[in-house]
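Q: Sequence plus predicted model, see below.
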Amino acid sequence: MSNGLNYGKEDVRMKKKLTHNLFLKILSVIFAFTLWFIVVIVTDPYKTVVISDIPIKVINEDEITGQGIGQIYSVVSPQDRTVSVRVYGQKSKGDKLTASDINAVVDFGVVSSVGAAYIEVTEPEGVTIMSKIPEMMKIDVEALQEKTFDVALEVSGVAADGYIINDARISPNVTKVTAPESVMQKIAKVGIKVDVSGLSSDINSFRKVVLYDSAGKVIDYEKDDSISLSVSEVQTYVETYMIKEVPLEIHPGGEMQDNIVLMNFSCEPESVVLKGRKSDLATIDSIVIPKESGAVDLSNVTESGNMSVDVSMFIPSGVYFMNEGDETVTVHYQVERIVEKTFNVAVSDISFTNRPNNVEVEFADDVKSIEITVEGYETDIKTLTLESVAPYVNLLNAIEGNSFYQVRVRTSADFTLVGEPIVNLVIKPIVEETIENPVVDPTIE
């Protein structure tokens, strides 16, 4: 019992000690804090501060970029081109420091063989720079090269139906590329591509020059300051022509010789394909070569043959032939020579038509034969025979007595009779004899 009472009394006494003079204790705490604050303000203690993202300024950059044609560099580290520093100084000054209060400089006039340059940092007044990260800037240096390239024009696609791409060109067609050696080694071709699919009008515009690697992939130089082109845009001109096929009308001229006849005339090809502006082709329906032009003169022709004719002078200005050589066409002419052939005809070979039944015909003269001459195309006359000529005398209007009659020949498209051959005939009636008291052969029943 007594022990329990003792423990209770001790607790009460302890509680009284803790609560005794509570006001004074609170006041003491406030006073201590005030005193500490006054000490801090008055004494301004020293502390360490880290300042980050300080931009690094590069000086003497031309020591790298100004060598020969030039050099290009890339920052390996720090890639953001900033540095962080740890400074020590009075708290009042350290707390006010910002990245703009500290200058960080790299001198490219002093770069080591491994591409490292020391980062110099200036100390702001009242603080000391204890360390910086990083200490060095590391760069890769690469030589620039210059190379002149032909700018190639690549046309793809097919023009609209009835049209062709007559010409495609660019100006200028060369450019000088300046680029790091590693980039220059990748450039396989320089040029532009134009798609003319369905095109029926001209193209006249400026287009960007494109760099291609060996795989045909585009090298985007516009986003890389290390690559430059002396000419980055070229004027691109694509000329579109309409095409039209028109017939040829060739009229031969010249007066042919008397014994020569033109049998057939043609040209090969019979039509040509023209190209030109739509407005120039609209009124052309054929190419006509008139006989008065003298382009085809047959006055001295004596046998069939061919002739080359240049028809280019008969097309309007601004219109052209589709293909080289189309301006020369071949004309074919077939002629026949008219010749004569004379037959020595025996009078016995002359037949009589429309001969009366009651007359007899005799030749009055002691003539054994006559000459008959016919004319026609040489190919027909060569094979002509007397049987084909078939000379005859028409006795439809014959009269008794001695008269001259014209010798005629068979009507034919292969020949005609030359002149008017005649024969002297005697026409006399047939006299019948009457026998009186004829003797009858008893053996005949």
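A: Ah, there it is. Numbers count the residues shown, from 1 in each chain.

Q: For stretch 422-429, buried residues please.
A: Within stretch 422-429, the residues scored as buried using 16 or more other CB atoms under 10 Å are 423, 425, 427. (Each C-beta comes from the backbone N, C-alpha and C, glycine too.)

Q: What is the nearest of those residues to residue 135?
A: residue 423 (142.1 Å; CB to CB).

Q: Figure out how far the host helix or strand of the closest one is from the centre of its chain.
A: Per DSSP states H and E, residue 423 falls inside strand 422-429. Mean-position distance between strand 422-429 and its chain equals 88 Å (CA atoms, centre = their mean, to the nearest Å).

Q: Adjacent strands (with direction) for that strand?
A: strand 359-363 (antiparallel), strand 401-406 (antiparallel) (DSSP bridges).

Q: got the CA positions of the helix or strand just after the first one in PDB?
A: Going back to what we said before, that points to strand 359-363. Next along the chain after strand 359-363, taking DSSP H and E as the criterion, comes strand 369-377. Presented in PDB, the C-alpha positions along strand 369-377 are these (Å, rounded to 0.1, in the frame of the first residue of the first chain):
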ATOM      1  CA  SER A 369      -0.500 -10.300-196.800                       C
ATOM      2  CA  ILE A 370      -1.000  -6.900-195.200                       C
ATOM      3  CA  GLU A 371       0.600  -5.100-192.200                       C
ATOM      4  CA  ILE A 372      -1.400  -4.300-189.100                       C
ATOM      5  CA  THR A 373       0.000  -2.100-186.400                       C
ATOM      6  CA  VAL A 374      -1.400  -1.900-182.900                       C
ATOM      7  CA  GLU A 375      -0.200   0.100-179.800                       C
ATOM      8  CA  GLY A 376      -0.600  -0.300-176.100                       C
ATOM      9  CA  TYR A 377       1.300  -0.600-172.800                       C
END
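
Q: can you give me phi and psi for the residue lying closest to residue 98 once chain neighbours are set aside?
A: With sequence-adjacent residues excluded and distances taken as CB to CB, 6 or more residues apart in numbering, residue 98 is closest to residue 51, at 7.1 Å. Here is the backbone geometry of residue 51 (degrees, to the nearest 10): phi -110, psi 120.

Q: these two touch, right, residue 51 and residue 87?
A: Yes - at 6.4 Å, residue 51 and residue 87 qualify as touching, with contact defined as CB atoms under 8 Å.

Q: Give the buried residues for stretch 264-280.
A: So for stretch 264-280, counting by 16+ other CB under 10 Å, buried means 267, 272, 274, 275, 276, 280.

Q: and the strands paired with strand 422-429, which one is worst for confidence?
A: If those are sorted by mean pLDDT, strand 359-363 sits at the bottom with a mean of 89.

Q: Now do it against strand 369-377, angle only.
A: Strand 359-363 and strand 369-377 meet at an angle of 90 degrees, taking axes from the mean of the first three to the mean of the last three CA atoms, to 10 degrees as the criterion.

Q: so how far is strand 359-363 from its chain's centroid?
A: With CA atoms, centre = their mean, you get 90 Å for strand 359-363.

Q: Turn the strands paired with strand 422-429 into TSV, including distance to residue 375 and mean neighbour count.
A: Shown next, in TSV, are the strands paired with strand 422-429 (distance: least, CB to CB, whole Å; neighbours: other CB atoms under 10 Å):
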stretch	distance to residue 375	mean neighbour count
strand 359-363	26	14
strand 401-406	17	13
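
Q: Including distance to residue 169, could those strands go into a markdown table?
A: Formatted as a markdown table, the strands paired with strand 422-429 follow (distance: least, CB to CB, whole Å):
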| stretch | distance to residue 169 |
| --- | --- |
| strand 359-363 | 92 |
| strand 401-406 | 81 |
